[in-house]
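K.L.:
Could you work out the structure for the sequence below:
(chains A, B, C and D)
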Protein chains: 2
Amino acid sequence: MTREAENQDETEGSGNARGGIQALDAALVVLRALAEFDGPVALIDLARAVSMPSSKVHRYLASFIHAGFVRQANRSGRYELGPLSASLGIAALGRNDFVNQAADAMPDLSEQTGMTVLLSVWGSQGATVIRWCRAPSPMVTSFGLGSNMPLLTSASGRVFLAWMPRPVISARLNLEVERAVEAGLSWPDLDLSAGSVDRLIAKIRGEGFASIDGRYVPGLRAIAAPILNWQGEAEASVTMISTSEQILSAAHPAVRQLLDFTQSQSSARSWKPAGD
Amino acid sequence: MTREAENQDETEGSGNARGGIQALDAALVVLRALAEFDGPVALIDLARAVSMPSSKVHRYLASFIHAGFVRQANRSGRYELGPLSASLGIAALGRNDFVNQAADAMPDLSEQTGMTVLLSVWGSQGATVIRWCRAPSPMVTSFGLGSNMPLLTSASGRVFLAWMPRPVISARLNLEVERAVEAGLSWPDLDLSAGSVDRLIAKIRGEGFASIDGRYVPGLRAIAAPILNWQGEAEASVTMISTSEQILSAAHPAVRQLLDFTQSQSSARSWKPAGD
DNA sequence: AAATGTATTGCGCATCGTGCAATATACATT
DNA sequence: AATGTATATTGCACGATGCGCAATACATTT
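P.N.:
Residues are numbered from 1 along each chain as shown, chains lettered A, B, ... in the order given. The predicted structure follows:
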């Protein structure tokens, strides 16, 4: 195998990274690159992104598809992450994370409050719903597991807006503002100036929770609060959904219950720095 | 590389699965096996689980660790999924959004079958049509986007009846039964006893799809199947409408196409362990 | 219909993955 | 503490197999 000069950081000259398999290393680079794209990717683009011949990438993708980690969109071409990647992520999240503890406790919260509760984390595409606990009460379910919530107009997203390091969310924030401006959108409690966003952030942090009233999605109200790590950054967001206007008030018992819940969960262990 | 007999389903004799890389196939089997363990795994156990030599598995793991998909707990011992697996999964979750994906693929299904296809989710008023893909064939229908379908007497509704958590639908079910009783309605294949409903649910789940014949809405036949999420709950329902009586038979090709469609859109548990 | 762009696939060479077994290391027992 | 056992890690040599190139198939566009 005519190995190319794609060694990234190791001092090895003889082989690849200590004791690994070269083909696998290259393949994982491809997989990671695929994950970093926003949507379906053409083979050529993916190959360019990783600086490999198309045929090489294609063979990797064939194996990934065979295993279920990747799926090709239509008949013609583009590749995207497959269901097994999602399963892998769910398994990874459920390992030693706060996610498990929070998810285990969510049914209780849902039952006590009679509301639908969902748990989301910050992914490359924004706030992503990873757990979902339905309440018996009627409720609009136009989104489900894996939904990406908007940063500005969802309670879950606003939690990350307020408690995520600015650099992490800035790209997403710019994207959403840009799109809103292009679409000519305007919102009840938020214009698109930087000052308005900062004021919103300050308000959310001050109150300790974020909310969305029925003016964005008619009839839908939600409150959300962060699960914080010891650095005060949001690791996850817990959201409660209701059709009642009243939960938006800080005096409503649901707010108290939500904050109790997230604060008790915040003491759990959090993300550990990458191994490597 | 002394290749072992790890192909079990392909007819290929020369290589492995169509155009893939053997080492990568084997490595992904390992990763998948790792994900299926509950917690940290010892190398030996993982090797046994996939029937490979420890050294082989160890080299794969070295590459996975190097890429960040796997972490080893301490200096010595056990392996677990790493942060990159979580990132990958979150990205995949967003990309495998059932509703949008199904909606994107609906035109194809409509074209292949020549039938009108609609997509519904569970809303506060019951099954709610959110996408609508008309077939060229003329068809008079009185409902459109946002219509609420009955739980008992629509194919879409029956899907939710069968694949939705009982608490979620119970209120709606009671309401419909109550109203039917008050109105003195009676239906061809369903009386209003609890047992009858349970029998209907069992039948639908057994067949994998729900149907409505022309006796409820004269001249209108429909079949519907669920798009299931990771929890096995119905995330959405895909319905095909026809005026022909024949589609109600499970032998009709449209049923096959519908089930293929929904299963491909669901988070398939049907991924076979690729390796040996 | 021609043309362009892309995905897919033979093919032969030599690179590199593999199995075995030796070694290092951690853990349990006496 | 020392020994023993079990597991993780690593050389080594062979030859199977992954790789790049280029031809082909496929699809979409002008």
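
K.L.:
My guess is A:Leu84 contacts A:Arg71. True?
P.N.:
No. Counting by Cβ atoms under 8 Å, A:Leu84 does not reach A:Arg71; the two are 9.1 Å apart. From N, CA and C alone the C-beta is placed, and that goes for glycine too.

K.L.:
Where does chain A get nearest to chain B, which residue?
P.N.:
Nearest residue of chain A to chain B (Cβ to the nearest Cβ) works out as A:Gly89 at 0.7 Å.

K.L.:
For that residue, which non-adjacent residue is spatially closest?
P.N.:
Nearest residue to A:Gly89, sequence neighbours excluded (Cβ to Cβ, 6 or more residues apart in numbering or on different chains): B:Gly89, at 0.7 Å.

K.L.:
Just list the residues touching that neighbour, thanks.
P.N.:
The contact partners of B:Gly89, by Cβ atoms under 8 Å, 6 or more residues apart in numbering or on different chains, come to A:85-93.

K.L.:
Weed out the non-buried ones from these.
P.N.:
With burial judged by 16 or more other Cβ atoms under 10 Å in any protein chain shown, the buried subset of the contacts of B:Gly89 is A:85-93.

K.L.:
Is there proximity between whichever strand or helix holds A:Ser170 and chain B?
P.N.:
Element membership for A:Ser170, per DSSP states H and E: helix A:166-183. No. Helix A:166-183 stays clear of chain B (Cβ under 8 Å from any Cβ of the partner chain), getting no nearer than 12.1 Å.

K.L.:
List the buried residues in that helix.
P.N.:
Across helix A:166-183, burial judged by 16+ other Cβ under 10 Å covers A:169, A:172-173, A:176-177, A:180.

K.L.:
pLDDT of whichever helix or strand A:Leu34 is part of, averaged?
P.N.:
Element membership for A:Leu34 (DSSP H and E) is helix A:22-36. The average pLDDT for helix A:22-36 rounds to 91.

K.L.:
buried stuff in that helix?
P.N.:
Using 16+ other Cβ under 10 Å as the test for burial, helix A:22-36 gives A:22-35.

K.L.:
immediately after that helix, which helix or strand?
P.N.:
Once the chain leaves helix A:22-36, the next helix or strand it forms, by DSSP H and E, is helix A:43-50.

K.L.:
neighbouring contacts of that following helix?
P.N.:
The contact list for helix A:43-50, computed with Cβ under 8 Å, 6+ apart, reads A:29-30, A:33-34, A:37, A:41, A:53-54, A:56-58, A:61, A:77, A:79.

K.L.:
pLDDT (mean, whole number) over the following helix or strand past that helix?
P.N.:
Counting by DSSP H and E, the next helix or strand C-terminal to helix A:43-50 is helix A:54-67. Confidence for helix A:54-67, expressed as mean pLDDT, is 91.

K.L.:
what do you get for stretch A:180-198?
P.N.:
Stretch A:180-198 comes out at a mean pLDDT of 77.

K.L.:
Any idea how far that stretch is from the middle of the chain?
P.N.:
Offset of stretch A:180-198 from its chain centre (Cα atoms, centre = their mean, to the nearest Å): 22 Å.

K.L.:
now what about it, what contacts it?
P.N.:
For stretch A:180-198, the external contacting residues (Cβ under 8 Å, 6+ apart) are A:152-153, A:161, A:173, A:177, A:200, A:213, A:215-216.

K.L.:
at 6 Å instead, please
P.N.:
With contacts defined as Cβ atoms under 6 Å, 6 or more residues apart in numbering or on different chains, stretch A:180-198 is touched by A:177, A:200, A:215.

K.L.:
can I get the buried residues of helix A:22-36 in TSV with distance to B:Gln101?
P.N.:
Output for the buried residues of helix A:22-36, formatted as TSV (distance: Cβ to Cβ, whole Å):
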residue	distance to B:Gln101
A:Gln22	35
A:Ala23	31
A:Leu24	29
A:Asp25	31
A:Ala26	29
A:Ala27	25
A:Leu28	25
A:Val29	26
A:Val30	22
A:Leu31	20
A:Arg32	22
A:Ala33	22
A:Leu34	17
A:Ala35	17
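
K.L.:
Need the max-distance pair from those.
P.N.:
The span of the buried residues of helix A:22-36, defined through Cβ to Cβ, is set by A:Gln22 and A:Ala35 at 20.8 Å.

K.L.:
residues of the helix or strand just after the helix holding A:Ser170 that come out buried?
P.N.:
Sequence-wise, the next helix or strand downstream of helix A:166-183 (DSSP H and E) is helix A:194-207. The neighbour-count check on helix A:194-207 (16+ other Cβ under 10 Å) flags A:197, A:200-201, A:204 as buried.

K.L.:
Extract the C-alpha trace of stretch A:149-159 and format it as CSV.
P.N.:
Only the C-alpha atoms of stretch A:149-159 are listed here, as CSV (Å, rounded to 0.1, in the frame of the first residue of the first chain):
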residue,chain,number,x,y,z
MET,A,149,-33.9,23.2,18.0
PRO,A,150,-33.3,26.8,17.0
LEU,A,151,-31.0,28.8,19.1
LEU,A,152,-33.1,31.9,19.4
THR,A,153,-36.7,30.7,19.2
SER,A,154,-36.7,27.6,21.3
ALA,A,155,-36.4,27.3,25.1
SER,A,156,-33.8,24.6,24.7
GLY,A,157,-31.8,26.6,22.3
ARG,A,158,-31.9,29.7,24.5
VAL,A,159,-30.4,27.7,27.4
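
K.L.:
Now tell me what touches that stretch from outside.
P.N.:
Identification of contacts with stretch A:149-159 by Cβ under 6 Å, 6+ apart yields A:120, A:126-127, A:161, A:172-173, A:176, A:204, A:210-212, A:216, A:222-224, A:226, A:234, A:237, A:239.

K.L.:
Could you pull up the mean pLDDT of that stretch?
P.N.:
Taken as a whole, stretch A:149-159 has a mean pLDDT of 91.

K.L.:
ok, now stretch A:116-135?
P.N.:
85.

K.L.:
now swap in stretch A:228-240 and tell me
P.N.:
On average, the pLDDT along stretch A:228-240 is 90.

K.L.:
quick one: it to chain centroid distance?
P.N.:
Counting by Cα atoms, centre = their mean, stretch A:228-240 comes out at 13 Å from the chain centroid.

K.L.:
in that stretch, what's buried?
P.N.:
Quick answer for stretch A:228-240 (16+ other Cβ under 10 Å): A:228-229, A:233-240.

K.L.:
same question, stretch A:156-169
P.N.:
Buried positions in stretch A:156-169, judged by neighbour count with 16+ other Cβ under 10 Å: A:156-164, A:169.

K.L.:
Check the separation of the first and last residues in it.
P.N.:
Stretch A:156-169 stretches 13 Å from its first residue to its last (Cα to Cα, to the nearest Å).

K.L.:
got it, and stretch A:215-228?
P.N.:
With Cα to Cα as the measure, stretch A:215-228 spans 28 Å from end to end.

K.L.:
Can you point out the buried residues in that stretch?
P.N.:
In stretch A:215-228, counting by 16+ other Cβ under 10 Å, buried: A:216-217, A:220-228.

K.L.:
which residues make contact with that stretch from outside it?
P.N.:
Residues outside stretch A:215-228 that contact it (Cβ under 6 Å, 6+ apart): A:98, A:140, A:153, A:155-156, A:159, A:163, A:188, A:209-214, A:234-243, A:247-248, A:258-259, A:262, A:265-266.

K.L.:
mind listing which of those residues are in helices?
P.N.:
A:98, A:155-156, A:159, A:163, A:258-259, A:262, A:265-266 (DSSP state H).

K.L.:
my guess is A:Arg131 is in a strand, correct?
P.N.:
Yes. Using DSSP: H, G, I helix; E, B strand; the rest coil, the assignment for A:Arg131 is a strand.
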